[in-house]
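**Student:** pasted the sequence and its predicted model underneath.
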Amino acid sequence: MVNKTGCVAKLRLLPGGPVPNSRIIQAMRILPLVILASLCAASCSHRTSPADFSKMTEEFVYTTLSFSPVFASGQGLHEYHNVSFDTQLDDVSGQAIQKQRDFYAAFHKRLEALNRDSLSPEDKADYDIIESQLGLSLFDIDIAHSYQRSPQSYVELLGTALYNPLVLEYAPKDKRFEHIIARMSQVPHFITTAEHQLRAMPEIWKKVAVQENDGNIDLIDKNLRAQVPPPLKDKYEAAAAPAIEALRAFNHFLNNDDAHFIRNPNDPGPDWRLGPDRYATKFRLALATDRTPDQVLADAEARLKAVRAQMLQLSLPLHAKWFADHKDHADQTGETRQNTVISEVLNHIAQDHSTPASYMDDARKDLDQARNFTREKNLLTLPAGSNLQVIPTPEFERGIYAVGGFNPAPVFQPQLGAYFWITPIPPDWPKDRVESKLREYNFYNLQLLTIHEAMPGHYVQGEFANQVQPKIRGVLRALFSNGPYVEGWAQYITQVMLDEGYMNSAPELRLTLLKQELRVDANAIMDIRLQTNRMTDDQAMDLMEKQTFQEHEEAVAKLQRAKLSSTQLPTYFTGWRDWLRVRELVKSTKGASFSLKDFHDAALKEGGVPLPVLARLLTGKDLQ
């Protein structure tokens, strides 16, 4: 669960969400015939009873989790069918990938045999979620070939496997370290299998994988080693040495992959872009929208212009106060004047920022302030517990979580806690990089980051999701949350906080939010244009630095992120706008009885469904 501030809400398992049943075949129109055959062959199958749907949902959830013991145990599912997940790494072999593909194709046939029209609205929503995930999984295996192209996915899986037992206190510390040691002993075999699978890797993916893999080496060599219970030190050292050796060898493999794979010296290597057709397919499956990428692109580009004009009007009084000798640059016109006035005001705002040493503590203070305001304004029902922790982003995740993120509480054991990640500033950064980062996440932007990721953003959203009943529905919607629902909520509720007078309606905060909205617009524009080969790196940097006023360090990190992921960055734009549309639909339906708190509670109690589905669940009407 990534965009607003350059941060990502760390979503569970596969990204994306459901599309209505009638659209999945259209969405997958470019897939190979073998996939279409597996997905379409069941259309004439006999109908089975809707009473079986709950059992099918349970089977889908638990079988899918069993494919990833690391993820399952991290979600609090420690055993399934008498198999313990806590000591295992995922099987990433070709045979395991084929087993997963066979399950997804066969399950789709069974799903199509159901009479969807006879299901309740809630069950239809779950049906669509499952169907979309099947499409995304088959897309990933048969079209994107992530298991062959994405070395960072292996690196991040290993980091998660070793890190989760350290921070999630699901058992006594010595027991959890036994699990860590058991997994660490499997690292050499895991790396060998990964090397056998990988080929045709984009250069930027290899670069980030090496950086994150260095974090894994440090995790074993420093962080974990420092906390090993004394009775387990010998066992730990026996497993750590070959694990570190294997990880270092993996870095060598990635840095020298031309020695492993024959390549034309004139070939620039595999592209990280999906291309127009594949991107359109994934976009529809992941975002659960009936709009095409180009329609969203046009909306985002129009919105960017409108927000810039709004920022100019808000900046002029501040500019007159702070830069009286500059006048208002009336001798300039159009974008030039906008850029000059807005940039001067934003630069003045950016001077008020944390230090590298105070950055984390300042975020904690902001968290308390946001919680108190949410309670005072009665915006929604706050979680009863206090299971949120603010911690540094794990090193093996900092390639994509360059600023921070949110890691939800385990679905099956939410009492173990959720984590608001803040990515610390590396001590070896030069002064200009440090200043650029701190200026971007200044006093006001750090407030917005905290609202978005934690309170009352993703953390509150996650706590509501853990209460969805029946339990299997809650698990399904938590594991496969719709991206625009998740990221859109965090953007939407941040706007609500300011609309309700947060920080005494400071114009500096509102202007910073508008800058953030520009970033949301730019995220959608960049992802669509870059992935469909309609934007260069220089054009992307120009969009971020000149048109949306982002600091250079932020822009560099965002461009890298855009190359590491696809269809995630537009979730903020589509989700934010659609949350507002859902609210207006509910408001017009309820009339005088409409309550903002009741709307928020009702919407969050549904869990991570697509926003068009949410509109129907709350009103019985289609989203206009």
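**Tutor:** Good, I have the coordinates.
**Student:** the closest residue to Ser146 other than its chain neighbours and Asp622: what is the separation?
**Tutor:** Nearest residue to Ser146 in three dimensions, chain neighbours excluded: Asp140, at 5.2 Å (C-beta to C-beta, 6 or more residues apart in numbering). The way it works is simple: take the backbone N, C-alpha and C, and place the C-beta from them, glycine included. Look at Asp140 and Asp622: by C-beta to C-beta, to the nearest Å, they are 30 Å apart.
**Student:** ok, Pro414 next?
**Tutor:** Using C-beta to C-beta, one gets 33 Å for the distance from Pro414 to Asp622.
**Student:** do Met535 as well
**Tutor:** In this view, Met535 and Asp622 are 33 Å apart by C-beta to C-beta.
**Student:** likewise Ile493?
**Tutor:** Noted for Ile493: a distance of 24 Å to Asp622, by C-beta to C-beta.
**Student:** name the nearest residue to Thr340, ignoring sequence neighbours.
**Tutor:** His329 (4.9 Å).
**Student:** Three-state assignment for the one you found, please.
**Tutor:** Look at His329: counting by DSSP: H, G, I helix; E, B strand; the rest coil, its state is coil.
**Student:** quick one on the thing from earlier: of Pro414 and Asp622, who's got more company?
**Tutor:** The residue with more neighbours, out of Pro414 and Asp622, is Pro414; 21 against 9, by other C-beta atoms under 10 Å.
**Student:** how close does the nearest residue to the more buried one once chain neighbours are set aside get to Arg364?
**Tutor:** Leaving aside its chain neighbours, Pro414 sits nearest to Asn466 (4.4 Å; criterion: C-beta to C-beta, 6+ apart). Look at Asn466 and Arg364: by C-beta to C-beta, they are 23 Å apart.
**Student:** these two: which has the busier surroundings?
**Tutor:** Asn466 (21 against 15).
**Student:** so what's that one up against?
**Tutor:** Counting by C-beta atoms under 8 Å, 6 or more residues apart in numbering, Asn466 makes contact with Ala409, Val411, Pro414, Gly474, Ala478.
**Student:** same thing but 10 Å
**Tutor:** Neighbouring residues of Asn466 by C-beta atoms under 10 Å, 6 or more residues apart in numbering: 383, 408-415, 418, 474-475, 478, 607.
**Student:** and it, how far from Asp537?
**Tutor:** For Asn466, the distance to Asp537 (C-beta to C-beta) stands at 41 Å.
**Student:** same deal with Asp142?
**Tutor:** Asp142 is 29 Å from Asp537, by C-beta to C-beta.
**Student:** so between those two, which is more surrounded?
**Tutor:** Asp142 (16 against 11).
**Student:** picking that back up, quick check: of the contacts of Asn466, which has the highest neighbour count?
**Tutor:** Among the contacts of Asn466, the one with the most neighbours (other C-beta under 10 Å) is Gly607, at 28 neighbours.
**Student:** list the buried residues in stretch 145-163.
**Tutor:** Under the neighbour-count criterion of 16 or more other C-beta atoms under 10 Å, stretch 145-163 has 147-163 buried.
**Student:** between the two ends of stretch 211-230, what distance do you get?
**Tutor:** 30 Å (C-alpha to C-alpha, to the nearest Å).
**Student:** in that stretch, which residues are buried?
**Tutor:** Neighbour count says stretch 211-230 has Gln211, Glu212, Asn213, Asp214, Gly215, Asn216, Ile217, Leu219, Ile220, Leu224, Val228 buried, by 16+ other C-beta under 10 Å.
**Student:** wasn't the third one part of a helix?
**Tutor:** Yes: the secondary structure assignment for Asn213 places it in a helix, going by three-state DSSP.
**Student:** per-residue pLDDT, it?
**Tutor:** We have a pLDDT of 96 for Asn213.
**Student:** which residue is the nearest non-sequential neighbour of Ala402?
**Tutor:** Leaving aside its chain neighbours, Ala402 sits nearest to Ala557 (3.9 Å; criterion: C-beta to C-beta, 6+ apart).
**Student:** pLDDT of the helix or strand hosting the one you found, averaged?
**Tutor:** Using DSSP states H and E, Ala557 falls within helix 552-564. Averaging pLDDT along helix 552-564 gives 92.
**Student:** next helix or strand past that helix?
**Tutor:** Note on helix 552-564: by DSSP H and E, the next helix or strand toward the C-terminus is helix 570-590.
**Student:** check which residues of that next one are buried.
**Tutor:** For helix 570-590, by 16+ other C-beta under 10 Å, it's 570-579, 582-583, 585-586.
**Student:** so which bits of stretch 169-180 are buried?
**Tutor:** Using 16+ other C-beta under 10 Å as the test for burial, stretch 169-180 gives Tyr170, Arg176, Phe177, Glu178, His179, Ile180.
**Student:** can you pull the contacts of the residue nearest to the third one when sequence neighbours are not counted?
**Tutor:** Of all residues not flanking Phe177 in the chain, Leu232 sits nearest, at 5.3 Å (C-beta to C-beta, 6+ apart). Leu232 sits next to Lys173, Asp174, Phe177, Glu178, Ile180, Ile181, Ala239 when contact means C-beta under 10 Å, 6+ apart.
**Student:** same thing with Asp126?
**Tutor:** By C-beta under 10 Å, 6+ apart, the contact list for Asp126 reads 18, 53-54, 56-57, 60, 119-120, 472-473, 476-477, 480, 607, 609, 613.
**Student:** how close does it sit to Phe53?
**Tutor:** 8 Å.
**Student:** name the residues contacting each of these two.
**Tutor:** Residues within reach of Asp126 and of Phe53 at once, by C-beta under 10 Å, 6+ apart, are Leu119, Ser120.
**Student:** residue ranges of each domain in this structure, please.
**Tutor:** Domain ranges of the chain: 21-147+276-287, 151-200+203-259, 352-619, per automatic domain parsing.
**Student:** can I get the ones you listed in TSV including distance to Ser315?
**Tutor:** Compiled in TSV, these are given as follows (distance: least, C-beta to C-beta, whole Å):
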stretch	distance to Ser315
domain 21-147+276-287	33
domain 151-200+203-259	36
domain 352-619	6
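**Student:** ranking the ones you listed by burial, who's on top?
**Tutor:** domain 352-619 (a mean of 20; mean count of other C-beta atoms under 10 Å).
**Student:** how long is that domain end to end?
**Tutor:** 45 Å.
**Student:** what's the offset of that domain from the middle of its chain?
**Tutor:** 10 Å (C-alpha atoms, centre = their mean, to the nearest Å).
**Student:** and if you look at stretch 83-90?
**Tutor:** That offset, for stretch 83-90, works out to 25 Å (C-alpha atoms, centre = their mean).
**Student:** report the angle between the longest helix along the chain and helix 570-590.
**Tutor:** If you go by DSSP state H, the chain has its longest helix at helix 293-322. In terms of direction (axes from the mean of the first three to the mean of the last three C-alpha atoms, to 10 degrees), helix 293-322 departs from helix 570-590 by 90 degrees.
**Student:** against which helices or strands is helix 293-322 packed?
**Tutor:** helix 276-287, helix 334-350, helix 507-531, helix 570-590 (3 or more C-beta pairs under 10 Å, 6 or more residues apart in numbering; DSSP states H and E).
**Student:** if I look at the nearest residue to Asp537 once chain neighbours are set aside, how far off is Ala357?
**Tutor:** Spatially, and ignoring its direct neighbours in sequence, Asp537 is nearest to Leu559 (6.4 Å; C-beta to C-beta, 6+ apart). Applying C-beta to C-beta, the value for Leu559 to Ala357 is 28 Å.
**Student:** quick one, strands of the protein?
**Tutor:** Under the criterion DSSP state E, the chain contains strands at 8-9, 79-80, 83-84, 388-392, 404-407, 418-422.
**Student:** of those strands, which is nearest Arg529?
**Tutor:** Set against Arg529 and scored by C-beta to C-beta, those come closest in strand 8-9, at 20.2 Å.
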